[in-house]
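Colleague: Return atomic coordinates for the entry below.
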Amino acid sequence: MAIETEAYQIEVFEDILESPDAEMPDKASFIARAEELGLKGQVALVEVEHTGERLIPFHRMQSDEYNLWASFAPRHVAVEEYKGGIMPERVMNLLERARECEAFHKVEVWSTEDATLDPLLVGHAGKNTYGGTEAFYLICRWGKELLTMAEVMLHSRARWIRERKRACESSISSDQAKLATLESDADRHFAGAHIW
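Modeller: As a prediction, the model looks like this:
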């Protein structure tokens, strides 16, 4: 049975230049020309994410992507400890590539309750720009038949709503219990007890 793998590896400028079909100038000339033309996106593609001097040739998750994937696959385990299913050779090759760039202080497999449903390989590096302490890089995902992004969104949204509803209901229940004991709590409070 074939396993599908979707890699999120970024083609780095040096790889493009080494291609026999490459008709591109050196990196500095390309950046200068792209900046001259106001092509910020092209400059960003060539100046792939760096952590110190380390090139990270994988997709850095933005906050919306992080929220999507963290909700879809809430179980995070160190890649060395993953035993939710056989990891395809292509995934191991991408893991090797991720380790070669020496930018990740941790690589995890993120999965759903069914660990074989589209697990993700995620690298952690440096600091991120949306309030956390590190950036998350999507290395790849794999599965028998990969879900479409629309299916991932539906699954993630349903899970988030379910968990949020459970938390709100728990909070409401707790607050209702406090309301039910308000009179006795006031008596205890003014008798010297600390309430809440």
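Colleague: Local confidence estimate at residue 12?
Modeller: Note for residue 12: predicted pLDDT of 59.
Colleague: Identify, by residue count, the longest strand of this structure.
Modeller: strand 135-143 (DSSP state E).
Colleague: Tell me the pLDDT of residue 129.
Modeller: As predicted, residue 129 sits at a pLDDT of 55.
Colleague: and the angle for the one helix or strand residue 169 maps to with strand 135-143?
Modeller: Counting by DSSP states H and E, the element that carries residue 169 is helix 149-180. Between helix 149-180 and strand 135-143, the angle comes out at 120 degrees (axes from the mean of the first three to the mean of the last three CA atoms, to 10 degrees).
Colleague: How about the secondary structure of the residue nearest the centre of the chain?
Modeller: Residue closest to the average C-alpha location in the chain (CA atoms, centre = their mean): residue 66, at 4.2 Å. Under DSSP: H, G, I helix; E, B strand; the rest coil, the three-state class of residue 66 is helix.
Colleague: I'd guessed it sits against residue 135; true?
Modeller: No. Contact criterion CB atoms under 8 Å: residue 66 and residue 135 do not qualify, at 9.3 Å. Any C-beta I mention is one placed from the backbone N, CA and C, and that applies to glycine too.
Colleague: since we're on the closest residue to residue 73 other than its chain neighbours, how many residues are nearby?
Modeller: Leaving aside its chain neighbours, residue 73 sits nearest to residue 110 (3.7 Å; criterion: CB to CB, 6 or more residues apart in numbering). As a burial measure, residue 110 scores 22 neighbours (other CB atoms under 10 Å).
Colleague: Surely residue 110 is in a strand?
Modeller: Yes. Using three-state DSSP, the secondary structure at residue 110 is a strand.
Colleague: Specify the residue ranges that define each domain of the chain.
Modeller: Domains of the chain are assigned by automatic domain parsing as 4-147, 152-188.
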